[in-house]
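Asks: starting from these lines, generate the structure:
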Amino acid sequence: MKRLSTAGFVALAIVITAGCGKSVKRVKIDKQIDLSGKWNDMDSQLVSEEMISDCLSRPWIESHKAKEAQEPTVIVGEVVNKTNEHIISETFTKDLEREFINSGKVRVVASSKERKELRSEREDMQSHASDETLKAFMEEEAADYILKGVINTINDKEGKKSVRFYQINLELIDIETNRKVWLSDKKLKKYIKD
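Replies: Numbering: from 1, shown residues only. Have a look, this model is predicted:
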């Protein structure tokens, strides 16, 4: 009898455990899924598309081309996360870079972190690369403008209902003159009901 109850208990435990397993389903990358109401991949993508499109439609770009006779060179700088959420801002800055590059209207140079790695690689080449493939020092393209920004949020909660408001501010600054040539903001509001 004891053996039967132990075997029955084990079988019941297996059935219960199997019933509580995770279910995973692959979905399309562009499918909008918002589980928590927090900043997510779709927010990053949509905000970067809209804001860079606005940036590239403004007079600063034509003024630059008229003065310099070539496309402007941009570096995407820091986007500061001032929310109370853990937002990996590098994902957002890469979305911004992608939108700039894919537009074909500006040239984008590497970030300061990337430049350090590239300089180290060029240094290593001096001892290890053939003369035909060696990359020269002092040939980097300097940026004309830097894009910087900040993400802020305001949370309002009452009982099981909450509203998350995001404001993303971006500004494009002429590196030589420190003149701001474009600035904009994008606002997102999410209503969450538990």
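Asks: contact partners for residue 170?
Replies: 51, 55, 79, 96, 147-149, 183-185 (C-beta atoms under 8 Å, 6 or more residues apart in numbering). Quick note: C-beta positions are derived from backbone N, CA and C, even for glycine.
Asks: can you select the buried ones from the residues you listed in PyMOL?
Replies: Buried subset of these, written as a PyMOL selection, criterion 16 or more other C-beta atoms under 10 Å:
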select buried, resi 51+55+79+96+147+148+149+184
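Asks: which of the contacts of residue 170 fall in strands?
Replies: 79, 147-149, 183-185 (DSSP state E).
Asks: surely residue 163 is in a strand?
Replies: Yes. Applying DSSP: H, G, I helix; E, B strand; the rest coil, one finds residue 163 inside a strand.
Asks: what's the nearest residue to it if we skip its chain neighbours?
Replies: residue 156 (4.6 Å; C-beta to C-beta, 6 or more residues apart in numbering).
Asks: distance of the one you found from residue 37?
Replies: 12 Å (C-beta to C-beta, to the nearest Å).
Asks: okay, the two: which has more neighbours?
Replies: Under the criterion of other C-beta atoms under 10 Å, the comparison of residue 156 against residue 37 puts residue 37 first, with 15 against 11.
Asks: who touches stretch 25-36?
Replies: Against stretch 25-36 from outside (C-beta under 8 Å, 6+ apart): 40, 42, 190, 192.
Asks: out of the ones in strands among the contacts of residue 170, who's nearest residue 131?
Replies: Among the ones in strands among the contacts of residue 170, residue 147 lies closest to residue 131 (C-beta to C-beta), at 37.7 Å.
Asks: in stretch 173-189, what's buried?
Replies: 173-174, 181-182, 184, 186.
Asks: tell me the mean pLDDT for that stretch?
Replies: Stretch 173-189 carries an average pLDDT of 97.
Asks: OK, contacts around residue 51?
Replies: Here residue 51 is in contact with 96, 168, 170, 184, 186 (C-beta under 8 Å, 6+ apart).
Asks: picking up where we left off before, which residues do residue 156 and residue 37 both contact?
Replies: Common neighbours of residue 156 and residue 37 (C-beta under 8 Å, 6+ apart) are residue 162.
Asks: okay, and the residue nearest to residue 92 when sequence neighbours are not counted sits in which element?
Replies: With C-beta to C-beta, 6+ apart as the criterion, residue 92 has its nearest non-adjacent residue at 4.7 Å, and that residue is residue 44. For residue 44, the enclosing helix or strand under DSSP states H and E is helix 41-56.
Asks: find the pair from the buried residues of stretch 173-189 with maximum spatial separation.
Replies: Every pair of these checked by C-beta to C-beta; the farthest is 174 and 186, at 22.2 Å.
Asks: any of the contacts of stretch 25-36 buried? List them.
Replies: Counted by 16+ other C-beta under 10 Å, those give 40, 190 as buried.
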